[in-house]
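> What follows is a predicted structure for the sequence shown.
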Amino acid sequence: MNSEGTTDRRDANRDSSTINQVTVAPLDLAAHVADVSTGSCGAVVTFIGQVRDHDPDAAGQVTGLDYSAHPDAGRILSEILARVAAEYPQVNLSVSHRIGHLDVGDLALVAAAASAHRAVAFEACERLVETVKLEVPIWKKQYEVDGSTAWVGLT
């Protein structure tokens, strides 16, 4: 904890790495929790976005998704993380979004926020997730049980 009583990513007990990635690799919730946790954090909030078997736009059961990303998606994700971190300097943050083919149950988005107190950790995690969903250029192609496909979430 720094002199203002807030958690600082430069805490002497940890390195300054932050998980912040768009990746084809499976996402690891435990790695995100470890990335944000320090001895001064009494609250760790996580968010998992996983592929579900239904969608309001689907005529039938969803069997999987293909996530595609614009080449700048990683840079934009990094900028979002930096903005949210600047808005919540007392919170440690990490975030990853997966791309490629994902089956029902696979993790598509993982975010973690840690702070001395829960309220600000919840708020920062929500801001991070909502901003990622709104601004990162990642699109999904949805597969349904009957073999049909549809691009969803395009605006």
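Right, received. Where do you want to start? Residues are numbered from 1 along each chain as shown.
> Just the strands from the chain, written as ranges.
Per DSSP state E, the chain carries strands over the ranges 20-23, 43-50, 62-69, 92-98, 100-103, 107-115, 138-144, 149-152.
> Would you mind writing the CA trace of stretch 66-74 as CSV?
What follows is stretch 66-74, C-alpha atoms only, in CSV (Å, rounded to 0.1, in the frame of the first residue of the first chain):
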residue,chain,number,x,y,z
ASP,A,66,-15.7,-18.0,-33.8
TYR,A,67,-14.2,-14.7,-32.4
SER,A,68,-12.3,-12.6,-34.9
ALA,A,69,-10.2,-9.5,-34.0
HIS,A,70,-9.1,-6.5,-35.9
PRO,A,71,-5.3,-6.2,-36.0
ASP,A,72,-5.5,-3.3,-33.6
ALA,A,73,-7.6,-5.1,-31.0
GLY,A,74,-4.6,-5.8,-28.7
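> Identify the residues contacting that stretch?
21-22, 76, 97-102, 108, 136-141, 143 (Cβ atoms under 8 Å, 6 or more residues apart in numbering). Where you see a C-beta, it was placed from the backbone N, CA and C, and this is true even at glycine.
> Would you mind listing which of the residues you listed are buried?
21-22, 76, 97-99, 102, 108, 136, 138-140, 143 (16 or more other Cβ atoms under 10 Å).
> Find the pair from these with maximum spatial separation.
76 and 143 (26.0 Å; Cβ to Cβ).
> Chain neighbours aside, what residue packs nearest to residue 148?
Spatial nearest neighbour of residue 148, chain neighbours left out: residue 59 (7.1 Å); criterion: Cβ to Cβ, 6 or more residues apart in numbering.
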